[in-house]
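Asker: okay, here's the prediction I keep looking at, along with the sequence it came from:
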Amino acid sequence: MKSELYKMSGPLLILAGPGTGKTHHIIKRIKYLVEERNIPPEKITVITFTDAAARNMQDRISDPAELELFISREKRPGMISTMHSLGYKILREKPSVVGLHRSIKVVYSNRLRDILVGDAAQLAGFDRAYGEETGKCRQFGNCNPSDDRKCKICQEYEKILRSCCAIDYDDQILLACKILEQEPEVLRKYSSCCEHLLVDEYQDINAGQFKLISLLSKEKRSGLFVVGDDDQSIYSWRGGSPQFIRNFKDDIDPEAQIKSLEKSFRCHRYILEGAISVVTAYDKNRLPKAKYEYEREIGKKIQVHNVPSDEKEAATVRKIIERALSSRTVLVLLPHRGFCRAIVEELRKGKIQFTAPLTPVGEGLPLISVLSQWLKDNSDSLSFRECLESFIDNPVFGVPSRFSRKPEKLKEREKAFSKISNLWKYVIEKTSDSFWKALEMRRDKDDLYSKAFSTFDQLRRLYYSQEEPALFIAEVVKTLVPWKKTRQLLEEVDCWVETSRQIGGARYRRDVRLATLQGAKGLEADVVCIIGVEEGILPRSGSSSEGLAEQSRLMFVSMTRASEELHMFHARKRSGHVMFKSIYKKGRPPDIQPSSFIKSIPNEYKEDKYHPA
């Protein structure tokens, strides 16, 4: 029977497992509202988890070839966006309420955020290292002001940002909530836009995002329609928690309805039931689900490969890929980047084209771009502070390395950074209109200030002369050390070129993709290979019961990327750079065991394959 849950009145939670048509159902809800119930599109807001998901939804509702989902232009909702984009839009309504004006700069760089939180820790009277806990706290979006260390650091961090009329990524949610709470007319305006509020990936929200949803839907809970799956909640490191989807009735409305999409259009029974058995064994608090129906009931059993080494594993993966191509897509999932090396070498050996967004593109060219921003506008305090970080980390200027372990060296480094952090006081108190001007004011007061000022002043002069690019580039490399070796420069250039090709669309088709387990969400392929399914890797050693539950959900997400074939690999020995620990003891075989997650899959769904050395 065809599901028409999208026609039900709310508040409504749709539990949508992998491949059950979640996006399809959200679009059907929009189409039902505007075409059958004649709801004005300006009363409908759709919140997605990523920009890509928002674009995908907009593309599908505007594609006349997909008649079942097509919505004419005049009836399409004006607001289909991510939570953070919506928060930023609300923030722009009344920025003065939170100490900002309309020219707001958003700090997206994790590197810059960490630098500023470290500065804030020192301004608050603590060591830089204590800034890390404040950064994590802000990601959770659960702000409960108090007099503890985290809050004191956070207050200084916010002073730094506001002095630059800046916010960070998390502020887009936190400050939007503050404006909605303090400005009734803004709340009325956006509540009107959210009379029908549709939220995708509800299992991934954190406390701040829940608060925003709650505020926007408060006046009309009946219009709240959320879609998600607690089995796919895997972002606890940024505050995401399955508690919001599991407590939907308690949090939103005791009369709220919870329904399930019960047909799997992607996975066949062996794959999905095998994945469910993993998450059921380790996550005792999961919401009960109805039995699934299957578009394709039976397929190949899950293949569990016991391989002797990384090299044999890579060779086996290559054979699987060669059999699958050219009619099927393949996804190779790895616990972390260290597992990538052997696979990539094997694919290159076989001249198999693949996409592997695993190696960081590099920070050298982005750093030069940051320098360029400051050179064009010396009042840009944030860009200059980021450049100063690289200056301080350049051993030529005498500050001990961040890799130092001797207490006296660490103390000396902390003291040097404290001098830089203290420059923010002049910016915050408006005795200087920029970080650069603050340094200029203090250049004769300390040797570090003097060196920093003369170095960047020289860069300015070379930039403004516009005559000797070779001299300028040489000075930039000497000052910021964006690359320690020529090889690193060339590798970064290669990575950027390859990334631009992938974004722009390569001329040849690539049906093989490598990704980390954490990056698997939203992906799917006909054939999936999961590498490194071993104790200590997944699940990680020493995990709490809560940690085990989330890791079982990560395994569930990874397994359910497959539509036709699922291959899981564990090895009998591995290279040290992959394991991050010693697995070899004198006179004993390597200490490496298959993951307990594999053992929780019933034999009816899996088939073991032993590969001799």
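Answerer: Thanks, I have the structure now.
Asker: residue ranges for the helices of the stretch 451-600 of the chain, please.
Answerer: Secondary structure of the stretch 451-600 of the chain by DSSP state H, counting those that start in this stretch: the helices cover 469-480, 486-504, 545-559, 576-579, 596-599.
Asker: how about residues contacting the third one?
Answerer: For helix 545-559, the external contacting residues (C-beta atoms under 8 Å, 6 or more residues apart in numbering) are 18, 231-234, 236, 242, 271, 274-276, 278-279, 281-285, 302, 333, 517-518, 520-521, 528, 530, 533, 538-540, 543, 566, 568, 595, 597. Where you see a C-beta, it was placed from the backbone N, CA and C, and this is true even at glycine.
Asker: what about the chain, any weak spots by pLDDT?
Answerer: Along the chain, the model assigns pLDDT under 70 to residues 1-2, 357-361, 499, 501-510, 576-577, 579-591.
Asker: again, 80 this time
Answerer: 1-3, 102, 141-147, 356-362, 466-468, 495-510, 575-591 (pLDDT under 80).
Asker: so Glu132 touches Arg113, yeah?
Answerer: No - at 10.8 Å, Glu132 does not count as touching Arg113 under the criterion of C-beta atoms under 8 Å.
Asker: more neighbours, the two?
Answerer: Neighbour totals were compared for Glu132 and Arg113, and Arg113 leads with 20 against 14 (other C-beta atoms under 10 Å).
Asker: hang on, isn't the more buried one packed against Gly135?
Answerer: Yes - using C-beta under 8 Å, Arg113 makes contact with Gly135 at a distance of 6.5 Å.
Asker: before we move on, back to that, got a ChimeraX select line for the buried ones in the contacts of helix 545-559?
Answerer: A single ChimeraX command selects the buried members of the contacts of helix 545-559 (16 or more other C-beta atoms under 10 Å):
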select :18,231,232,233,234,236,242,271,274,275,276,278,279,282,283,302,333,517,518,520,521,528,530,533,538,539,566,568,595,597
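Asker: please go through the protein and pick out the longest strand.
Answerer: What stands out as the longest strand in the chain, according to DSSP state E, is strand 562-571.
Asker: so what are the sheet partners of that strand and their directions?
Answerer: With DSSP bridges as the test, strand 562-571 is paired with strand 302-307 (parallel), strand 525-530 (parallel).
Asker: just to revisit the earlier point, show me the contacts of helix 545-559 that map onto strands.
Answerer: If you go by DSSP E, the contacts of helix 545-559 have 302, 333, 528, 530, 566, 568 in strands.
Asker: which two among the residues you listed are spaced furthest apart?
Answerer: Greatest spatial distance among those (C-beta to C-beta): Ile302 and Leu333, at 13.8 Å.
Asker: count the neighbours of Lys94 for me.
Answerer: Other residues within reach of Lys94, judged by other C-beta under 10 Å, total 17.
Asker: that one contacts Ile179, doesn't it?
Answerer: Yes - using C-beta under 8 Å, Lys94 is in contact with Ile179, at 5.3 Å.
Asker: mind listing the shared neighbours of those two?
Answerer: Shared contacts of Lys94 and Ile179, defined by C-beta under 8 Å, 6+ apart, comprise Val186.
Asker: now the longest strand of the chain, how far from the chain's geometric center?
Answerer: 24 Å (C-alpha atoms, centre = their mean, to the nearest Å).
Asker: CA-only coordinates of it in PDB, if you can.
Answerer: Output of strand 562-571 as PDB, limited to C-alpha atoms (Å, rounded to 0.1, in the frame of the first residue of the first chain):
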ATOM      1  CA  ALA A 562      24.900  -0.600   0.000                       C
ATOM      2  CA  SER A 563      22.000  -1.500  -2.300                       C
ATOM      3  CA  GLU A 564      23.200  -4.800  -3.800                       C
ATOM      4  CA  GLU A 565      26.500  -6.000  -2.200                       C
ATOM      5  CA  LEU A 566      28.100  -5.300   1.100                       C
ATOM      6  CA  HIS A 567      31.600  -6.500   1.900                       C
ATOM      7  CA  MET A 568      33.100  -6.100   5.400                       C
ATOM      8  CA  PHE A 569      36.900  -6.600   5.900                       C
ATOM      9  CA  HIS A 570      39.000  -7.400   9.000                       C
ATOM     10  CA  ALA A 571      42.700  -8.200   8.800                       C
END
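Asker: in it, what's buried?
Answerer: Under 16+ other C-beta under 10 Å, the buried positions of strand 562-571 are 562-571.
Asker: equivalent analysis for stretch 543-551, please.
Answerer: For stretch 543-551, burial by neighbour count (16+ other C-beta under 10 Å) applies to 548-551.
Asker: gap between Gly125 and Glu412?
Answerer: Plainly put, Gly125 is 19 Å away from Glu412 if you go by C-beta to C-beta, to the nearest Å.
Asker: higher neighbour count, the two?
Answerer: In this view Gly125 and Glu412 are compared by other C-beta under 10 Å, and Glu412 has more residues nearby, 15 against 11.
Asker: which SS class is the more buried one?
Answerer: Of the three states, Glu412 takes helix under DSSP: H, G, I helix; E, B strand; the rest coil.
Asker: quick check: it touching Lys406?
Answerer: No - checked against C-beta under 8 Å, the pair Glu412 and Lys406 is beyond contact range at 9.2 Å.
Asker: burial measure for Tyr202, as a count.
Answerer: Neighbours of Tyr202 (other C-beta under 10 Å): 26.
Asker: next: Glu604.
Answerer: Close neighbours of Glu604, defined as other C-beta under 10 Å, add up to 11.
Asker: that one falls within a helix, correct?
Answerer: Yes - under three-state DSSP, Glu604 falls within a helix.
Asker: distance of it relative to Ser558?
Answerer: 21 Å.
Asker: dump the residue contacts of Tyr6.
Answerer: Tyr6 is in contact with 25-26, 28-29, 32, 225, counting by C-beta under 8 Å, 6+ apart.
Asker: quick one, phi/psi of it?
Answerer: Main-chain dihedrals, Tyr6, degrees, to the nearest 10: phi -60, psi -10.
Asker: who's in contact with the closest residue to it other than its chain neighbours?
Answerer: Closest residue to Tyr6 apart from its sequence neighbours, by C-beta to C-beta, 6 or more residues apart in numbering: Arg29 at 4.0 Å. Contact analysis of Arg29 by C-beta under 8 Å, 6+ apart lists 6, 198, 225.
Asker: Leu224 versus Arg29, what's the distance?
Answerer: Arg29 is 11 Å from Leu224, by C-beta to C-beta.
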